[in-house]
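fold the following for me, if possible:
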Amino acid sequence: MKHHEHVADAFGTTATAYLTSPVHATGADLENLAATFAATCGNAQVLDMGCGAGHASFAVAPHVHAVVAYDIALPMLETVAMAAQERGLTAIRTQHGAAESLPFAAASFDWVISRMSAHHWRSVPAALAEVYRVLKPAGKLKFIDIAGIDDPLCDTHIQAIELLRDGSHIRDYRADEWLEMLDAAGFSGTVTQRWRIAIDFDTWVARMRTPPERISAIRSLWARAPDEVRHYFDVRSDGSFHLDVLMLDATRRINLQAT
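Here you go, the predicted structure:
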């Protein structure tokens with residue numbers, strides 16, 4: 001099974017769980033998204049990449065002209081369409097596809113947003129190149145994702161934990177990695193917020209339908225992790241812990257050589 005198929009399969013079977021998950025359905029980052037678009041973007045065309053169950057789309061839809069909820073998992077898109085209809089969010093439409101190949105014309109969007117998705121993308125640089133293409137000149141992006149850790153010891157452990165829980169995981173990128181990728185793709189970007197979220201172990205693995213043998217492996221890895229790792233992630237006796245999250249804001253630089 002290829003990676004895109006793995007992602008679609010993994011999240012196609014968990015769409016309802018992600019729609020109702022408190023970790024995904026609530027948060028100050030969703031409030032930030034809503035406030036950003038309420039303040040500045042009444043006529044904006046917005047692309048929500050890797051929309052999942054649609055929470056970012058739901059946050060911005062009342063404040064913009066149109067939102068395209070875009071995802072590789074068709075059941076997720078079906079969930080978004082149903083929930084949008086129930087909420088009366090007529091600005092939302094869904095579109096199927098991968099982050100690295102966007103089926104949209106150049107300069108189609110004023111904004112591209114993404115929340116808790118990029119760590120599954122096969123190639124973030126390729127996806128950012130596509131974002132650059134479909135954004136209008138001086139268009140903006142706002143990405144929110146789980147963050148990698150500057151300390152290599154802690155970073156190695158969290159990447160392993162994430163992969164054991166979800167085989168479609170690729171990488172939680174550090175802030176410096178994100179800024180390098182954004183710059184290379186033609187964006188002027190900055191990390192605007194960082195925070196931590198509490199992860200309840202049992203609901204975390206149940207939401208992803210993690211196989212029992214992998215759950216045992218995660219518990220074993222946490223139990224035998226160095227003290228520094230257990231302290232950093234605030235690992236509890238039941239396996240619950242904390243994850244780092246970051247928010248990135250960036251503006252598409254105008255390529256003066258092309259104008």
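
so where is this structure shaky, pLDDT-wise?
For the chain, the stretches flagged by pLDDT under 70 are 1-27, 41, 256-259.

how about the helices of it, start to end?
Using DSSP state H, the helices of the chain run over residues 3-12, 15-20, 22-25, 28-40, 55-60, 74-87, 124-134, 152-165, 175-185, 201-208, 212-223, 227-232.

which one of these lies closest to residue 247?
helix 28-40 (6.2 Å; Cβ to Cβ). C-beta here means a position set from N, CA and C on the backbone, and glycine is covered the same way.

from the chain's centroid, how far away is the closest one?
16 Å (Cα atoms, centre = their mean, to the nearest Å).

may I have that helix as PDB, with CA atoms only?
What follows is helix 28-40, C-alpha atoms only, in PDB (Å, rounded to 0.1, in the frame of the first residue of the first chain):
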ATOM      1  CA  ALA A  28      -7.700  28.500  21.300                       C
ATOM      2  CA  ASP A  29      -6.200  27.900  17.800                       C
ATOM      3  CA  LEU A  30      -9.700  27.600  16.300                       C
ATOM      4  CA  GLU A  31     -10.700  30.800  18.100                       C
ATOM      5  CA  ASN A  32      -7.600  32.400  16.600                       C
ATOM      6  CA  LEU A  33      -8.700  31.200  13.100                       C
ATOM      7  CA  ALA A  34     -12.200  32.600  13.600                       C
ATOM      8  CA  ALA A  35     -10.900  35.900  14.900                       C
ATOM      9  CA  THR A  36      -8.300  36.300  12.100                       C
ATOM     10  CA  PHE A  37     -10.900  35.900   9.400                       C
ATOM     11  CA  ALA A  38     -13.600  37.800  11.200                       C
ATOM     12  CA  ALA A  39     -11.300  40.800  11.300                       C
ATOM     13  CA  THR A  40      -9.900  41.000   7.800                       C
END
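
buried ones in stretch 96-114?
Neighbour counts over stretch 96-114 (16 or more other Cβ atoms under 10 Å) mark 98, 99, 100, 102, 104, 108, 109, 110, 111, 112, 113, 114 as buried.

kindly report the same for stretch 235-249.
For stretch 235-249, by 16+ other Cβ under 10 Å, it's 235, 239, 240, 241, 243, 244, 245, 246, 247, 248, 249.

turn the residues you listed into CSV, including distance to residue 218.
Formatted as CSV, the buried residues of stretch 235-249 follow (distance: Cβ to Cβ, whole Å):
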residue, distance to residue 218
235, 11
239, 7
240, 11
241, 10
243, 13
244, 18
245, 20
246, 23
247, 27
248, 28
249, 33
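
what is the most widely separated pair among the residues you listed?
239 and 249 (33.5 Å).
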